[in-house]
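**Q** Have a look; sequence and predicted model below, questions after that.
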Amino acid sequence: MVNSIIGPGIVVLPLTFQRVGWGWTLMLLIGYCVVSTLCVLFLADAMTKIPGNDNHRGRVEFLQLAETFLGTQTYRVVIGLFFASLMATSVSAIVQASQVIDHASLSVGSACALQMTPKLEFVCVGETDSPFSDSVFGDSWVLSLGLVVLFVAACPLSFLSLSDNLRVQLVSFLALSFVCLVWCGYFVTLGLKNK
């Protein structure tokens, strides 16, 4: 749930704290956490209303709830919105994760990719023009080695259910917690002023 609350937006949190300030950013994050928790509690309560699931004995999915309690038209709208939300979050996370792998590969040598535009060719980059750019390949459209590595690592997990992926989710949560603690340590030691 923590990964879903912060999501791919975690990479801009330091900038948000710096530009908007501690008060507003923390207040909005806490508010979002409260709203997310209430939504989870409402969903858990709705799951108990499914016949035969009064004590959460069965496995009830979100779309099963929508199908049970909403009309056909509303159910179709919920499916469409749910799918769009999952796709937007997934695409953003995949792009960010592959870019992290590409940036990390620069620190040990070079980042390589199949460049699609402006010319179809295999390219390797030893350094980036700007350390703050999103992609080490600039504005070119590429199929990067980082994306291929991410694909190879994630594909086996796509054959498992969420409950079978519980260990991976736990490791992901622990990694996110570690990164947040490291960032907070940097903020405390370096200060929060924009210099």
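**A** Received the coordinates, thanks. Residues are numbered from 1 along each chain as shown.
**Q** Would you tell me which helix is longest in the protein?
**A** Criterion DSSP state H: the longest helix present in the chain is helix 72-107.
**Q** hey, where'd the helices end up in this protein?
**A** Counting by DSSP H, the helices of the chain are 2-6, 13-20, 22-48, 62-69, 72-107, 145-154, 166-190.
**Q** Among these, single out whichever gets nearest to T128.
**A** helix 72-107 (6.6 Å; C-beta to C-beta). Glycine gets a C-beta too; all of them are placed from N, C-alpha and C.
**Q** picking that back up, go through the helices of the chain and name the closest to L160.
**A** helix 166-190 (8.5 Å).
**Q** Could you list the buried residues of that closest one?
**A** Using 16 or more other C-beta atoms under 10 Å as the test for burial, helix 166-190 gives no buried residues.
**Q** for that helix, packing partners?
**A** helix 2-6, helix 13-20 (3 or more C-beta pairs under 8 Å, 6 or more residues apart in numbering; DSSP states H and E).
**Q** which residues of the protein score low on pLDDT?
**A** 1-8, 129-132, 192-195 (pLDDT under 70).
**Q** could you redo the last one with a cut-off of 50?
**A** For the chain, no stretch has pLDDT under 50.
**Q** Output the helices of the chain in JSON lines, with distance to L160 appended to each entry.
**A** Listed next are these as JSON lines, based on distance: least, C-beta to C-beta, whole Å:
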{"stretch": "helix 2-6", "distance to L160": "17"}
{"stretch": "helix 13-20", "distance to L160": "30"}
{"stretch": "helix 22-48", "distance to L160": "22"}
{"stretch": "helix 62-69", "distance to L160": "18"}
{"stretch": "helix 72-107", "distance to L160": "16"}
{"stretch": "helix 145-154", "distance to L160": "11"}
{"stretch": "helix 166-190", "distance to L160": "8"}
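**Q** F137 is nearest to which of those?
**A** helix 72-107 (7.5 Å).
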